[in-house]
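sequence and predicted structure below; questions after.
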Amino acid sequence: MVQTCRRCIYDANVPGISFDSNGICNYCHTHDELQREYPRGAVGKNRLNKIAERIKRDGKGKQYDCVVGVSGGCDSSYLIWLSKELGLRPLAVHFDNTWNSKIAVENIHCVLKKLDVDLYTHVMDNEEFNDLARSFLYASVPEIDALTDIALTTTLYSAANKHNIKYIFNGHNFRTEGIMPLGWFYFDGKYIDGIHKKFGREKMDRFPNLWMSTFIYYMFKRIKRYRPLYYIDYPKEEVKQFLQKEFGWQWYGGHHMENRYTIFCHDILRNKFGIDQRYVEYSALIREGQMSREDALEDVKKPIPYNEEIVTEVKKRLQLSDDEFQQILDLPKKSARDYETYHPTFQRMRPFFWLMYKMDLVPKSFYIKYTK
Ligand SMILES: [Zn+2]
């Protein structure tokens, strides 16, 4: 019998898990720690308003106050609306990995048009993205979607730098999304480069990778990163209805499902690596009282098979024959530990990143996850 947390649905198979004497897991405690650090209600609202005031002051004489990452998803669409509500002049930034769903594109445009917000897009070179994606599949690691995450981070930084903006807003919300255990999802620029050098067929020269030097450079430019959704009440179902009513925004059927490559990544994670992101999301919602533990345990029992239509598209675009694809599925599972990463460097720089977190130059979750 595998031990399961008495509060959330994480069990002993989750990497880095430990249980206290009451059978509550360390991830629940981390969640509570973040809750204490980012209270909502009047206190949270007050803090967020103060942040907005400072951003407005710093934005005087500039075209924009802050950069906001958008994907067409629920959280980032709401974040754009929220930044306008706070009286800010956001520049929306989108990294297009060329796998957007039609709904995602429509969502981005309907929200931005109505709110009169400019859009800065970095469109990835198709062939290069496919080469990188194929490399990660052959590396046989779970972080196949890390490419999009890292490229989005770099794109946000470079858009901010280009327009002399000192603030980046990110739509992450630990209360509804949770935080992925490190052993399930690790990414950094060196990891991507190392895997591509080993398995890539073409040169990587247009992918916006986040090198250590670039990362440090932006920190020294004092570009601050905030996660405004941490400070407010965020009942996800109500938010969706609000967006639909206000903007004609459309729901795409699941968390992060606005991107077709991400759907494929989730399928691979679940079916090849046994990593089911429903555990992360549901556990967060349970800790927040937005979902019952019973409902969550019942729902995760339902298997989600590969989306065949998307698998066919992936094989075609990545030029993988049926045999090659099967060979990839059968490869022994590897992890970030099998490749070179910045992790040992991040760990050595723990005091430095603590300082960066205290100055709002890196998110707390980065400090917790990457420097331990
Ligand atoms: Zn737990």
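Good, I have the coordinates.

phi, psi of the spatially most central residue of the chain?
Taking C-alpha atoms, centre = their mean, the centroid of the chain lies closest to residue 149, which sits 5.9 Å from it. Here is the backbone geometry of residue 149 (degrees, to the nearest 10): phi -60, psi -40.

which sections of this structure are below the confidence cut-off?
254-256 (pLDDT under 70).

which residues of it fall in strands?
Assigned by DSSP state E, the chain shows strands spanning 66-69, 90-96, 118-123, 167-169, 224-226.

possible to save those strands as CSV with distance to residue 327 and mean neighbour count?
(Glycine included, C-beta is placed from N, CA and C.) Below are the strands of the chain laid out as CSV (distance: least, C-beta to C-beta, whole Å; neighbours: other C-beta atoms under 10 Å):
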stretch, distance to residue 327, mean neighbour count
strand 66-69, 35, 26
strand 90-96, 30, 24
strand 118-123, 31, 14
strand 167-169, 40, 25
strand 224-226, 40, 20
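
nearest to the ion, of the ones you listed?
strand 224-226 (26.7 Å; C-beta to the ion).

neighbouring strands of the closest one in the sheet, and parallel or not?
Looking at strand 224-226 with DSSP bridges, its partner strands are strand 167-169 (parallel).

residues in contact with the partner strand?
55, 58, 65-69, 79, 83, 90, 156-157, 160, 223-228 (C-beta atoms under 8 Å, 6 or more residues apart in numbering).

change it to 10 Å
With C-beta atoms under 10 Å, 6 or more residues apart in numbering as the test, strand 167-169 has contacts from 51-52, 54-55, 58-59, 64-70, 76, 79-80, 82-83, 86, 88, 90, 92-93, 153, 156-157, 159-160, 218, 222-229, 360.

torsion angles phi and psi at the residue of the stretch 51-200 of the chain found nearest the ion?
Per C-beta to the ion, the residue of the stretch 51-200 of the chain with the smallest distance to the ion is residue 178, at 10.3 Å. For residue 178, the backbone dihedrals (degrees, to the nearest 10) come out as phi 80, psi 180.

can you offset everything so residue one is 9?
That works, and once the first residue is 9, the last one we named lands at residue 186.

ok, it to residue 257 distance?
23 Å (C-beta to C-beta, to the nearest Å).

residue 80 now?
According to C-beta to C-beta, residue 80 stands 8 Å off from residue 257.

give me the common contacts of these two.
Shared contacts of residue 80 and residue 257, defined by C-beta under 10 Å, 6+ apart, comprise 111, 114, 115, 116, 118, 119.

quick check: closest non-adjacent residue to the fourth one.
Read it as residue 116. Distance criterion C-beta to C-beta, 6 or more residues apart in numbering; nearest residue to residue 116, sequence neighbours excluded, is residue 80 at 4.6 Å.

over to residue 66?
residue 174 (5.6 Å).

ok, that neighbour - how many residues close by?
Residues near residue 174, counting by other C-beta atoms under 10 Å, number 18.

my guess is residue 260 contacts residue 271. True?
Yes. With contact defined as C-beta atoms under 10 Å, residue 260 counts as touching residue 271 (9.4 Å).

give the residues shared as contacts by those two.
residue 109.

quick one: which of these two has more around it?
Shown here are residue 260 and residue 271; by other C-beta under 10 Å, residue 271 has more neighbours (23 against 19).

quick one: residues contacting the more buried one.
107, 109, 153, 260-262, 264-265, 314-315, 317-319, 322 are the contacts of residue 271 under C-beta under 10 Å, 6+ apart.
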